[in-house]
Structures are given as C-alpha cells and as structure tokens.
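Asker: just coords:
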C-alpha cells in the first residue's frame, strides 16, 4: 500500500488490513514514517486539503466546503492543525489565488 492512499483509511482499517496488533503497527509506522498511523493519515489529509484550497476558486468555494469533503468536522481544531502544519490559516491558502495575476 502506498502512502498516498493512507488518507483514505482509518487506523483501525490499517490494523485489519495488516493483520497485526495496534502496537506493532504503530512501531512499524514510527520506524518507516516517523509518525503514528493516525498522525500520518491526518498529515496526508491536511496536505490534500491544502492542495484543494490552493487551486479552488475562492468566489465559489469556502474552507468549510472542502473540510467536509475530506473528513474534517471541527473547524476550530482543523484551523489549529492546519496552521501548525503549514504556518498559515486555511483561509489564507484559499485567498492566495486572488492575488495571482491572470
């Protein structure tokens, strides 16, 4: 399984797919990726949202529209996680397209 597809799975699904215990899976992920399965899945989902926001039309798309499509339901927590990961708010990423010359 490729890392790109991890955002589509939950840690429980990964455990079922791999057939190993939660602890074994966590050790393997920390060794391979430097993160727990849940942290890696979240990082991949955040990166996907960043890509979508960066290419979205801010006149037609809101941050909350994109969040729901990618499994984020708590706007405040998402905004904190996004800012921690990328150093800006999701709305800043979305608005940046307005500043680009056409």
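Answerer: Perfect, I can see it now. Keep in mind that what you see is a predicted model, and the values were worked out from it rather than measured. Numbering: from 1, shown residues only.
Asker: and the helix or strand bottoming out on mean pLDDT in the chain, how far out from the chain middle?
Answerer: The helix or strand of the chain with the poorest confidence is helix 90-99; it has a mean of 80 (mean pLDDT, DSSP states H and E). Relative to the centre of its chain, helix 90-99 is centred 18 Å away, using Cα atoms, centre = their mean, to the nearest Å.
Asker: in that helix, what counts as buried?
Answerer: Across helix 90-99, burial judged by 16 or more other Cβ atoms under 10 Å covers 90, 93-94. All C-beta spots, glycine's among them, are computed from the backbone N, C-alpha and C.
Asker: ok, residues contacting that helix?
Answerer: 49-50, 53-58, 61-63, 66-67, 78-79, 82, 86 (Cβ atoms under 8 Å, 6 or more residues apart in numbering).
Asker: 7 Å - rerun?
Answerer: 50, 53-54, 56, 58, 63, 79, 82 (Cβ atoms under 7 Å, 6 or more residues apart in numbering).
Asker: out of those, give me the one that has the most neighbours.
Answerer: residue 53 (25 neighbours; other Cβ atoms under 10 Å).
Asker: residues touching it, list them.
Answerer: Neighbours of residue 53 in contact, by Cβ under 7 Å, 6+ apart: 63, 66, 90, 93-94.
Asker: that one: helix or strand, and which one exactly?
Answerer: helix 37-55 (DSSP states H and E).
Asker: which strands and helices sit next to the helix or strand following that helix?
Answerer: Using DSSP H and E, the helix or strand that follows helix 37-55 towards the C-terminus is helix 63-69. Judged by 3 or more Cβ pairs under 7 Å, 6 or more residues apart in numbering; DSSP states H and E, the packing partners of helix 63-69 are helix 37-55, helix 75-86, helix 90-99.
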